[in-house]
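**Student:** no letters, just coordinates:
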């Protein structure tokens, strides 16, 4: 397993960029403090997905910010991404680990306690708790888990947990206090007028919460 930091995890969505260049937004977000980037592309061709992934990997490497590919093992392999994020209906984690090897990061989304107990038996590096709050960025999500769900999941999870779904500057502190090791955001950065500033404010909130002992996983 590679060392990584899930404190502020950006998941991309070009539909929320307001027509701005994806790579520009990611670049600004990383300069603001994003610690991990997941490239999620549901609407483009495999060739375009690969092209964007290669360019992001080239940019992120000097910053030591891991590039995670959503769902697509073939793209992760092709661009030598740092890892792969899987959902409950995606490729089995064991197969992904066998193909990617032990030095790549594998994350798995969980939606309930049963998913977490199953995830604890997998060779994965982090868990994505999804969704914490209601969100419009994905239409196929399970019911919102809320802060109580975050507390329940982090209390039994073997891996560090990053929370996603409706998280923003106003509720980030409460999510960390509930036990999450980090927050994952989409629109809070992708749609922000100033992605660098948005990332800076979010990472400051996360770090302050951890520093003050609010995170039960520290």
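**Tutor:** Now that the structure is in, tell me what you want to look at. This one's a predicted model, so the numbers in the text were calculated from it and none came from an experiment.
**Student:** what's the mean pLDDT across the longest strand seen in the chain?
**Tutor:** In the chain, taking DSSP state E as the definition, the longest strand is strand 105-110. Mean per-residue pLDDT for strand 105-110: 98.
**Student:** paired strands for that strand, with orientation please.
**Tutor:** Strands that pair with strand 105-110, judged by DSSP bridges, come out as strand 83-86 (parallel), strand 126-129 (parallel).
**Student:** contacts for it?
**Tutor:** Contact with strand 105-110 is made by 1-2, 4, 66, 68, 82-88, 93, 96-97, 100, 115-116, 119, 122-130, 153, 162, 164, as judged by Cβ atoms under 8 Å, 6 or more residues apart in numbering. Every C-beta, even on glycine, is put in place using the N, C-alpha and C of the backbone.
**Student:** please pick the buried ones from these.
**Tutor:** Neighbour-count burial (16 or more other Cβ atoms under 10 Å) applied to these gives 4, 66, 68, 82-87, 93, 96-97, 100, 115-116, 119, 122, 124-130, 153, 162, 164.
**Student:** tell me which of those fall in helices.
**Tutor:** 93, 96-97, 100, 115-116, 119, 153 (DSSP state H).
**Student:** can I get those in a markdown table with distance to residue 21 and pLDDT?
**Tutor:** Putting these into a markdown table (distance: Cβ to Cβ, whole Å; pLDDT from 0 to 100) gives the following:
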| residue | distance to residue 21 | pLDDT |
| --- | --- | --- |
| 93 | 33 | 98 |
| 96 | 30 | 98 |
| 97 | 34 | 98 |
| 100 | 29 | 98 |
| 115 | 35 | 98 |
| 116 | 37 | 98 |
| 119 | 35 | 98 |
| 153 | 36 | 98 |
